[in-house]
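*Asks:* How does the following fold in three dimensions:
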Amino acid sequence: MLRHVPRIGFRKVCGSGSGQGFTPVPNTAIYAILATWPDLEKARRQTRNAAVFRRYRSRAEECWTVFLSPTSAREAWSGQTPFEPQNGTAEGPVAALTRASLRPSATWRFWQRVPDISRKIGENTQVVLNIGIGEIPLFNQITFSI
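*Replies:* This is a model prediction of the structure:
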């Protein structure tokens, strides 16, 4: 349904893990939509009015939208470069989005390290939100922290 939203650019629907979200066990109650638009006004209008977003909100117990402007970006994602860094300095809180595509041979080693990393992030009093989300369970992992 996201591909039918006018002016939407790059988009991904992601699931989340249980606990703080950094586990291989899925949490089927929490989903994330990551999308880009050409400007903030279009993003605000479409997340407010597009049918797919209205449908998600109508079924949700809670819905949270964060509008971000990239200040730094590296690498491609699914063969695209979705984030174009803006000139200038960041104001307010800083969000970090990291993505890892795991080879099957590295998956076990990655998931063994996750509990320690999750604990360290959880102990940082400056982190107001952190969640692990993913495109493909176990293999395409994303962390989002503010």
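*Asks:* what does the longest helix belonging to the chain rub up against?
*Replies:* If each helix of the chain is counted by residues according to DSSP state H, the longest one is helix 104-123. For helix 104-123, contacts defined as Cβ atoms under 8 Å, 6 or more residues apart in numbering pick out 19-20, 22-24, 100, 102, 127, 130, 132, 138-139, 141, 145. C-beta here means a position set from N, CA and C on the backbone, and glycine is covered the same way.
*Asks:* Name the nearest of those residues relative to Leu68.
*Replies:* Ser145 (12.2 Å; Cβ to Cβ).
*Asks:* What's the local residue count around the nearest residue to that closest one once chain neighbours are set aside?
*Replies:* In space, and not counting its chain neighbours, Ser145 is closest to Asn130: 4.3 Å by Cβ to Cβ, 6 or more residues apart in numbering. Asn130: 17 surrounding residues under other Cβ atoms under 10 Å.
*Asks:* My understanding was that Asn130 contacts Phe144; is that so?
*Replies:* Yes - counting by Cβ atoms under 8 Å, Asn130 does reach Phe144; the two are 7.1 Å apart.
*Asks:* Sort out which residues of the helix or strand of the chain with the lowest mean pLDDT are buried, please.
*Replies:* Least confident element among the helices and strands of the chain, by mean pLDDT, DSSP states H and E: helix 104-123 (a mean of 82). Neighbour-count burial for helix 104-123, counted by 16 or more other Cβ atoms under 10 Å, picks out Phe110, Val114, Ser118.
*Asks:* Looking at the residues you listed, which is nearest Pro93?
*Replies:* Ser118 (20.1 Å).
*Asks:* And that closest one, how close does it get to Ile33?
*Replies:* 23 Å (Cβ to Cβ, to the nearest Å).
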